[in-house]
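Q: Next one to model:
(one chain, ligands or ions: 2)
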Amino acid sequence: MKTVIIGANHAGIAAANTLLDNYPDQKVVMLDQNTNLSYLGCGTALWVGRQIDSYENLFYTDKSAFEAKGAVIRMETTVEKVDFEKKIVFCRTKDGASFEENYDKLILATGSLPIAPTLPGSDLKGISFLKLFQDGQNVDRQISDPNVKDVAVIGAGYIGVEIAEAAKRRGKNVRLFDVAPTSLASYYDPWFAEDMDKNLAAHGIELHYGERATAYKGTEHVEAVVTDKGEYKTDLVINAIGFLPNNALGKDHLECFRNGAYKVDKHQKTSDPDVYAVGDCATIYSNALRAETYIALATNAVRTGIIAAHNIGGTTLDAIGVQGSNGISIFGYNMVSTGLSVAAAQKNNMSVEYTDYEDLQRPGFMKENAKVKIRIVYESDSRRIVGAQMASTEDISMGIHMFSLAIEEGVTIDKLKLLDIFFLPHFNQPYNYITMAALSAK
Ligand SMILES: Cc1cc2nc3c(=O)[nH]c(=O)nc-3n(C[C@H](O)[C@H](O)[C@H](O)COP(=O)(O)OP(=O)(O)OC[C@H]3O[C@@H](n4cnc5c(N)ncnc54)[C@H](O)[C@@H]3O)c2cc1C
Ligand SMILES: NC(=O)C1=CN([C@@H]2O[C@H](COP(=O)(O)OP(=O)(O)OC[C@H]3O[C@@H](n4cnc5c(N)ncnc54)[C@H](O)[C@@H]3O)[C@@H](O)[C@H]2O)C=CC1
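A: Ligands and ions are numbered 1, 2, ... in the order given. Predicted coordinates for the structure are as follows:
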């Protein structure tokens, strides 16, 4: 059996490793147009902001690791077309040479592309995305230039907020723009996002929310961002307004979701039985929504790669769905969420209630202490938990995993009221904030 994997980043790598490690009879061919593989984009802001010394440890594997396991791996090779009837992929190397690969099974792991705003002036120099390692290098090079003083970040989602912090840490004047009324509006309700915004503002980041960029001005290099509310001098623009699935190879043949992602079943199989799709180019099942959706995260990429490979290898493995669990840490303020915020649930026409609680992490007599806030979102009728958000200067990150499992398992808010949660002053309070939030649910 020969499996061709198009895309050798997180999803493709997980699929390839699973096939190579578990199914010795599998012939695996990996194809990727990039020069590098396995770059952890989550580290870009840490490196650009000099919270870590270098980008070098942001790669967790390389070409030779796959060759050592017997795979054929071709980098700087673009797949230009797939003949799904004849089961052939058409490839071109960086030197312009073309070749073909036939397959028994094909895994599409072509990921996502940053959404490109089509604004006047978009082709000026000094305007960047932040997706690839190369984008990170480009932004880092510009931020290292002392003539670059003003940085405009368009989009206050995860990438935007993280790179805004990084640019500020490097001493730049940073303006953060978003059409939404707060940062991180797709992940957190205003009760949380407003705290993040106070934190960003307190560290000197200029916030421009409810404001839409309409043009970039400059002669050769960008000099200003124009919005529906004003014009702002800028030396560097970073666009981070979301991702779209990269569906160029299969969109005319495979069934696609409303945003273009390849629709997949529980085995990551697309509408073509010999073609699987994994990671950012595919849909994923949301246990909170109880429907398929699109969530571009490395965690989902890895899990879906593993699932596709086992099913191709001959071991039936069903996807169990995801909650879209995520976290962010900015100037020491930590926020984590899973499932749906109240706003996201309402946007999906779900009727939900929520319960909030805010308290100290530990008993008042403990010297080392900090406030923690929590919101648990549950469906009005069934009372099943569909989301949770937590924030603190403490590391409260592990708590969110319990909520992820609760959503996956359809646990109700009432089950949480008397859940056995241990108490030790070093860690928490006897009337801890999870119990208290659950007990105060209507
Ligand atoms: C700055 C940044 C920070 C992030 N931080 C986090 C985080 O903290 N946590 C988290 O969970 N996620 C994070 N993400 C998201 C995460 O990186 C993505 O969800 C993940 O990269 C998806 O992996 P993938 O393999 O599906 O797709 P991609 O990483 O997009 O890889 C797709 C691969 O396919 C190749 N390819 C595409 N088309 C072709 C073709 N025609 N021929 C050959 N090769 C092709 C590309 O070269 C690429 O290597 C972050 C993303 C960015 C950009
Ligand atoms: N910590 C983490 O888990 C991280 C995850 N990621 C993932 O990578 C993907 C891409 O990240 P982002 O690009 O930050 O997308 P995002 O979806 O997180 O945020 C995009 C933001 O852009 C805004 N926006 C949309 N159109 C706009 C416009 N025309 N003008 C101004 N603002 C506009 C939206 O309101 C939103 O706040 C996401 O799936 C994200 O979850 C990225 C970085 C870190």
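Q: how close does the residue sitting nearest the centre point of the chain get to Leu124?
A: With the centre of the chain defined as its mean C-alpha position, the nearest residue by Cα atoms, centre = their mean is Leu297, 3.3 Å away. Distance from Leu297 to Leu124, counting by Cβ to Cβ, to the nearest Å: 31 Å. Every residue, glycine included, has its C-beta placed from N, CA and C.
Q: and what of Ala240?
A: Distance of Ala240 to Leu124, computed by Cβ to Cβ: 17 Å.
Q: neighbour-wise, which of these two wins?
A: For the pair Ala240 and Leu124, the greater number of neighbours falls to Ala240 (25 against 16), based on other Cβ atoms under 10 Å.
Q: Quick check: that one vs ligand 1, distance?
A: When Cβ to the nearest ligand atom, to the nearest Å is the yardstick, Ala240 and ligand 1 sit 8 Å from each other.
Q: show me what contacts that residue?
A: Pro114, Phe129, Leu130, Val153, Ile154, Gly155, Gly157, Ile159, Gly160, Ile163 (Cβ atoms under 8 Å, 6 or more residues apart in numbering).
Q: Would you format those residues as TSV with neighbour count and secondary structure included?
A: Supplementary listing: the contacts of Ala240 in TSV, determined by neighbours: other Cβ atoms under 10 Å; DSSP: H, G, I helix; E, B strand; the rest coil:
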residue	neighbour count	secondary structure
Pro114	19	strand
Phe129	20	coil
Leu130	23	coil
Val153	29	strand
Ile154	25	strand
Gly155	26	coil
Gly157	19	coil
Ile159	24	helix
Gly160	24	helix
Ile163	26	helix
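Q: Can I get those residues in CSV including distance to Asn259 and pLDDT?
A: Formatted as CSV, these follow (distance: Cβ to Cβ, whole Å; pLDDT from 0 to 100):
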residue, distance to Asn259, pLDDT
Pro114, 14, 97
Phe129, 18, 97
Leu130, 20, 97
Val153, 23, 98
Ile154, 20, 98
Gly155, 16, 98
Gly157, 15, 97
Ile159, 18, 98
Gly160, 19, 98
Ile163, 23, 98
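Q: Now narrow these to whatever sits close to ligand 1.
A: With Cβ under 6 Å from any ligand atom as the criterion, the contacts of Ala240 include Leu130, Ile159 near ligand 1.
Q: Do you know the pLDDT at Pro117?
A: Each residue has a pLDDT score; the one for Pro117 is 87.
Q: Is it in contact with Asn239, as I believe?
A: Yes: applying Cβ atoms under 8 Å as the test, Pro117 and Asn239 come out as touching, 6.2 Å apart.
Q: Spit out the residues that contact these two alike.
A: Common neighbours of Pro117 and Asn239 (Cβ under 8 Å, 6+ apart) are Ile154.
Q: ok, is the biggest helix by length in the chain in contact with ligand 2 or not?
A: Assignment by DSSP state H gives helix 298-313 as the longest helix of the chain. No: counting by Cβ under 6 Å from any ligand atom, no contacts exist between helix 298-313 and ligand 2, the nearest distance being 7.7 Å.
Q: tell me what that helix is packed against?
A: When contacts are defined as 3 or more Cβ pairs under 8 Å, 6 or more residues apart in numbering; DSSP states H and E, helix 298-313 packs onto helix 10-22, strand 105-108, strand 275-277.
Q: what does the helix or strand following the last one rub up against?
A: What it means is strand 275-277. Past strand 275-277, further along toward the C-terminus, the next helix or strand under DSSP states H and E is strand 284-286. The set of residues that contact strand 284-286 without belonging to it, under Cβ under 8 Å, 6+ apart, is 266, 291-295, 300, 304, 319, 321-324.
Q: right, and the helix or strand after strand 284-286?
A: Following strand 284-286 in sequence order, the next helix or strand is strand 291-293 (DSSP H and E).
Q: mind checking how far that following strand is from the chain centre?
A: If you compare the mean C-alpha spot of strand 291-293 with that of the full chain, they lie 16 Å apart, counting by Cα atoms, centre = their mean, to the nearest Å.
Q: now swap in stretch 350-357 and tell me
A: 25 Å.
Q: what sits up against that stretch?
A: Residues from elsewhere that reach stretch 350-357, judged by Cβ under 8 Å, 6+ apart: 189, 191, 289, 340, 342, 345-346, 373-381, 386-387, 413, 433, 436-438, 440-442.
Q: Report the angle between the longest helix of the chain and helix 10-22.
A: Relative orientation of helix 298-313 with respect to helix 10-22: 40 degrees, computed using axes from the mean of the first three to the mean of the last three Cα atoms, to 10 degrees.
Q: Which elements pack onto the helix or strand that helix 298-313 is followed by?
A: Moving toward the C-terminus from helix 298-313, the next helix or strand (DSSP H and E) is strand 326-330. Taking 3+ Cβ pairs under 8 Å, 6+ apart as the contact definition, the neighbouring helices and strands of strand 326-330 are helix 158-169, helix 190-202, strand 333-339.
Q: Quick check: the gap between Phe257 and ligand 1.
A: Counting by Cβ to the nearest ligand atom - Phe257 and ligand 1 are separated by 15 Å.
Q: now swap in Leu58 and tell me
A: Per Cβ to the nearest ligand atom, Leu58 is found 10 Å from ligand 1.
Q: Contact partners for the residue lying closest to that residue once chain neighbours are set aside?
A: The shortest distance from Leu58 to any non-neighbouring residue, by Cβ to Cβ, 6 or more residues apart in numbering, is to Gly43 (4.1 Å). By Cβ under 8 Å, 6+ apart, Gly43 lies in contact with Ile52, Tyr55, Asn57, Leu58.
Q: how about the residues of the stretch 251-400 of the chain that lie near ligand 1?
A: For the stretch 251-400 of the chain, the residues in contact with ligand 1 (Cβ under 6 Å from any ligand atom) are Gly279, Asp280, Ala296, Leu297, Ala298, Thr299, Ala301.
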